[in-house]
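[1] when you get a sec, could you give me coordinates for this:
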Amino acid sequence: MSAAADRFAVEDGCYAVGGVPLDRLAERVGGTPFFAYDRALLAARVAELRAALPDDVELGYAIKANPMPAVVQHLSGLVDWLDVASAGEMRVALDTPAPAGRVSFAGPGKTDGELRQTVAAGVLIELESAGEVDRVLAAGEALGARPQVAVRVNPDFQVKGSGMRMGGGPQQFGVDAESVPALLDRIAAAELDLHGFHVFAGSQNLSAEILCEAQERTVELLLRLVEAVGGPVRYLNVGGGFGIPYFEGDEPLDLAAVGSNLARLSRERIRPALPDAHVVVELGRYIVGECGVYVTRVVDRKESRGRTFLVVDGGMHHQLAASGNFGQVIRRNYPVAIANRADREPDETATVVGCLCTPLDLMADQVELPAARVGDLVAIFQAGAYGLTASPTAFLGHPAPAEVLV
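    Purely as a prediction, here's the structure:
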């Protein structure tokens, strides 16, 4: 079985999350399908990051990776910042003990209503455009409050090897680096409370070498922009982009190498210029991705022209990414297992399909598994990030799955 599955203990022949075997957890939840997230694995991942990152670099969690309130509550006591991308996510963040001053709101297309809510809450607004400056100022004037802002920068470089590129070239994200100095003049004239800058160039990168180069160029860009600011800079968000292995052949990220490089940059470049600034690494998938399992039950087993199909009661409407329809160019299988036969060797090749009436609903194609029967549980690993809330849950009207933090 894959290294992803090895993160979870096996008890009485069944994979367990949080010490509870998945067959027992299914009864506790009330049935399948469901997502289960392991509380201890979350804490362990944050501890790994703390050990690898320099002490003067703070850790942020991007709630969009997994906005389940219990997960966010748990992580709020482990990380330094929470980043949100909607008013709904902001409400989840503000329901935690995290202070509003340690919450940031990034993303294009913030509505006027969302901006008023953010200003009223005292949350840091990461500006994505010149037009947003005017709308933030109007929100502040309407509320009699001084908005807290940072500028999200679209860098003048691209990061190779990222699952999704969100910087370099034309982008809906952030202000083009060459346009930032002029925008800073507008911000100063508007008397917005500028904290600093945020650069996020790409996601899901497994190459330490590429990430280290991106960090180098990000710090160089940010320090160049700092010189254009008239007042003190208190906040530098250098992004993240740390990837996790999903597919056969993927090698885990060399976290120690990335942390060591960031420590050098902090010591040699950042701290001499900005000794007191909050320097933040913002991660989502890397924190939560490997802590989660999607569990679904075999409801039918069929043979069709020499192939075995296991039909389950879940599918792409819950876990779109595993179907290959969430950014994969060439579809590959997520790690998958027959959860209640974890102590058995594979003895058949089967294709796992969901319950939806579309050929897109493919959970695992031609994988080696222990022979499964109707009623067995299928576990899809690496399901802690971009699972339920990144999936078309209303498609074909099936009920939503449960989520539990164990």
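
[2] contacting residues around the helix or strand harbouring residue 188?
    Applying DSSP states H and E as the criterion places residue 188 in helix 180-190. Residues outside helix 180-190 that contact it (CB atoms under 8 Å, 6 or more residues apart in numbering) are 127, 130, 133, 137, 149, 151, 153, 175, 194, 197, 225, 228-230. Backbone N, C-alpha and C define where each C-beta goes, glycine included.

[3] ChimeraX command to pick out the buried ones of those?
    Of these, the buried ones can be selected in ChimeraX as follows, counting by 16 or more other CB atoms under 10 Å:
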select :127,133,137,149,151,153,175,194,197,225,229
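
[4] where helices are concerned, which of the contacts of helix 180-190 count?
    Among those, DSSP state H puts 130, 133, 137, 225 in helices.

[5] and the furthest pair within those?
    Taking CB to CB as the measure, the ones in helices among the contacts of helix 180-190 span a maximum distance of 20.7 Å, between 137 and 225.

[6] may I see the buried residues of the helix holding residue 188?
    Within helix 180-190, the residues that count as buried by 16+ other CB under 10 Å are 180, 183-184, 187, 190.

[7] closest one of the residues you listed to residue 218?
    residue 180 (13.6 Å).

[8] pLDDT value on that closest one, please?
    pLDDT, residue 180: 93.

[9] residue 307 versus that one, what's the distance?
    Computed as CB to CB, to the nearest Å, the residue 180 to residue 307 distance reads 55 Å.

[10] with residue 204 instead?
    Distance from residue 204 to residue 307, counting by CB to CB: 31 Å.

[11] try residue 340
    Here residue 340 is placed at a distance of 23 Å from residue 307 (CB to CB).

[12] in terms of neighbours, single out the busier of the two.
    Remark: of residue 340 and residue 307, residue 340 carries more neighbours, 24 against 12, as counted by other CB atoms under 10 Å.

[13] who's in contact with that one?
    Residue 340 neighbours (CB under 8 Å, 6+ apart): 13-14, 21-23, 376-377.

[14] burial check on residue 108, number of neighbours?
    Counted by other CB under 10 Å, the residues lying close to residue 108 total 13.

[15] do I have it right that it meets residue 152?
    No - in this structure, residue 108 is not within contact of residue 152 by CB atoms under 8 Å, at 9.2 Å.

[16] overlap in contacts, the two.
    Listed as contacting both residue 108 and residue 152 by CB under 8 Å, 6+ apart are 128, 173.

[17] name the element residue 15 belongs to?
    Using DSSP H and E, residue 15 sits in strand 14-17.

[18] list of residues touching whichever helix or strand comes after that strand?
    Remark: after strand 14-17, the chain's next helix or strand is strand 20-21, criterion DSSP H and E. Here strand 20-21 makes contact (CB under 8 Å, 6+ apart) with 11-12, 14-15, 28, 340, 406.

[19] what does stretch 208-227 give?
    Stretch 208-227 has contacts (CB under 8 Å, 6+ apart) with 151, 153, 155-157, 159-161, 177, 180-181, 184, 196-197, 199, 201-202, 205, 233, 236, 238-239, 241-242, 253-255, 257-258, 261-262, 265, 269-270, 273-274.

[20] list buried residues within those residues.
    Buried subset of the contacts of stretch 208-227 (neighbour count, 16+ other CB under 10 Å): 151, 153, 155, 157, 159, 161, 177, 180, 184, 196-197, 199, 201-202, 205, 233, 236, 238-239, 241-242, 253-255, 258, 261-262, 265, 270, 274.

[21] what segments of the stretch 201-350 of the chain are strands?
    Along the stretch 201-350 of the chain, counting by DSSP state E, counting those that start in this stretch, strands occupy 202-203, 235-237, 278-283, 292-304, 307-312, 336-338, 348-353.
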